[in-house]
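**Student:** coordinates for the following, if possible.
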Amino acid sequence: MPILRAREDIRNARRHDPAARGGVEVAVVYSGLHAIWSYRIAHRMWRAGLRTPARILSQLTRFLTGIEIHPGARIGRRFFIDHGMGVVIGETTWIGDDVMLYHGVTLGGRGSGHGKRHPTVEDGVIVGAGAKVLGAITIGAHSVIGANAVVTRDAPADSLLVGVPAHPRPRSGHEQIAGDDWLDPAIYI
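**Tutor:** Purely as a prediction, here's the structure:
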């Protein structure tokens with residue numbers, strides 16, 4: 001099963017990144033994939049009660065990739081981090097399937113209490129470079145968060161979130177890039 005999941009991740013990376021030249025290149029040089037693969041091991045350790053070793057692995061991965069994913073986070077399938085330097089994903093974050101993050105994204109917590117402190121990002125969401133999604137909020141499926149947006153409130157499905165603070169608005173449908181099945185959040189600055 002892990003080999004099949006890795007192949008799925010490689011296909012997904014090639015689908016999202018026009019610079020990807022082949023599966024071997026993606027598997028060897030894409031730090032976002034390395035961080036995700038390491039996270040999956042650390043997450044299994046976390047769930048098995050091996051919390052300190054899981055945190056050590058996550059910090060080693062952070063040192064090697066520049067991407068910090070807490071092993072307690074829950075991440076779905078076909079998750080892709082493009083140019084991942086500076087990505088931070090907090091402990092109680094939940095990420096659905098087919099989510100894509102660009103560099104410098106923070107899925108961070110608000111408050112110092114126990115319980116859910118980090119965002120829930122539903123299926124098919126794209127988060128632009130430098131965006132900050134903070135607190136126990138929910139970003140609805142197939143939403144797009146523009147580059148450098150700061151999101152601190154829930155957003156319904158199919159929202160476009162831009163600005164500081166970001167306010168959700170319905171997507172017009174013109175955001176679809178012709179011929180591709182993904183959106184470019186960099187055009188929403």
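
**Student:** going forward, measure contacts and count neighbours with C-alpha atoms only.
**Tutor:** OK.

**Student:** can you pull the pLDDT of Gly124?
**Tutor:** Gly124 is assigned a predicted lDDT (pLDDT) of 94.

**Student:** surely it and Val99 touch.
**Tutor:** Yes. If you go by CA atoms under 8 Å, Gly124 and Val99 touch, sitting 4.8 Å apart.

**Student:** any weak-confidence spans in the protein?
**Tutor:** Along the chain, segments meeting pLDDT under 70 span 1-3, 171-189.

**Student:** now with 80, please.
**Tutor:** Applying pLDDT under 80 to the chain picks out residues 1-4, 16-20, 111-113, 169-189.

**Student:** which parts of the lengthiest helix in it are buried?
**Tutor:** Determined from DSSP state H, the single longest helix within the chain is helix 31-47. By 16 or more other CA atoms under 10 Å, the buried positions in helix 31-47 come out as 31-40, 42-43, 45-46.

**Student:** dump those into CSV; add distance to Val24 as well.
**Tutor:** What follows is the buried residues of helix 31-47, written out as CSV (distance: CA to CA, whole Å):
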residue, distance to Val24
Ser31, 13
Gly32, 15
Leu33, 12
His34, 13
Ala35, 17
Ile36, 17
Trp37, 15
Ser38, 18
Tyr39, 20
Arg40, 20
Ala42, 24
His43, 25
Met45, 27
Trp46, 29
